[in-house]
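Student: next input, structure requested:
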Amino acid sequence: MPVKTKTTTKAKRSKKKKPAVRAATKKARRSKTRAAKKIPKKAAAKTSPAKKTPKHHKLGKRKPARTSVKKVAAKTPKEKTAWRISPEISQSVVDVNIWKKGDLKIEHLKVYRSGWIIVDQLPDMSGYNPDEGVNIFDEFEFEEHQLLDGSEETSFFPKELPSEECERLMALSEAELVDEGWTIESATRFSGPLVVEEV
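Tutor: Sure thing, here's the model as predicted:
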């Protein structure tokens, strides 16, 4: 029995031993496949951080935008300059309504104690004649005006119209005069010396 056990152990040991050539070729194959598998991983590991780092540095260099003083100053609106024009003498504002029908003409005048207009640009008053006055709606461009304390009202009729017809026409409203074929021309006149002051 002791002899049999020795032979079996030797046989087992001899089975475990492999030829040197085969072991070397298997190791070489394994190292090549491992190396081939590891190269893309290393390459991917090297390239991915390199792509991310420039983006990170660019974001880090950004600074918050500064608000410039010039832009803020440009947004503030400029104050507009305006001038008020008014007659210097009282009762120098006249509202004139001229009704016309064919050759007939009726003038209706209403005198105001005072009045004024506000203009955006300083007008050239070099050609102004105080005796003739000026029609403010023809000569000036304005958005705001006021006539104060209307007092006297006077009407001038043509001589060829009888007094009864004049009274009848005076009693008619503007719409009724238009229905009868009369047309109107309106003007507001400043006369005498004018005062121009900045407001």
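
Student: now R168: which helix or strand?
Tutor: Assigned by DSSP states H and E, R168 falls within helix 163-171.

Student: any idea which helix or strand of the chain has the worst average confidence?
Tutor: helix 2-16 (a mean of 48; mean pLDDT, DSSP states H and E).

Student: quick check, G115 in a helix?
Tutor: No: using DSSP: H, G, I helix; E, B strand; the rest coil, the assignment for G115 is strand, not a helix.

Student: would you confirm that it contacts L148?
Tutor: Yes: counting by C-beta atoms under 8 Å, G115 does reach L148; the two are 6.0 Å apart. (Glycine included, C-beta is placed from N, CA and C.)

Student: out of these two, which sits in the more crowded spot?
Tutor: Comparing G115 with L148 by other C-beta atoms under 10 Å, the one with more neighbours is G115, at 21 against 11.

Student: quick one, what contacts the more buried one?
Tutor: Contacts for G115 (C-beta atoms under 8 Å, 6 or more residues apart in numbering) come out as 86-87, 93, 145-148, 188, 190.

Student: JSON lines for these, including distance to L104, secondary structure and pLDDT?
Tutor: Shown next, in JSON lines, are the contacts of G115 (distance: C-beta to C-beta, whole Å; DSSP: H, G, I helix; E, B strand; the rest coil; pLDDT from 0 to 100):
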{"residue": "S86", "distance to L104": "35", "secondary structure": "strand", "pLDDT": "95"}
{"residue": "P87", "distance to L104": "31", "secondary structure": "strand", "pLDDT": "95"}
{"residue": "V93", "distance to L104": "27", "secondary structure": "strand", "pLDDT": "95"}
{"residue": "H145", "distance to L104": "30", "secondary structure": "strand", "pLDDT": "92"}
{"residue": "Q146", "distance to L104": "33", "secondary structure": "strand", "pLDDT": "93"}
{"residue": "L147", "distance to L104": "28", "secondary structure": "strand", "pLDDT": "92"}
{"residue": "L148", "distance to L104": "32", "secondary structure": "strand", "pLDDT": "91"}
{"residue": "T188", "distance to L104": "23", "secondary structure": "strand", "pLDDT": "94"}
{"residue": "F190", "distance to L104": "28", "secondary structure": "strand", "pLDDT": "95"}
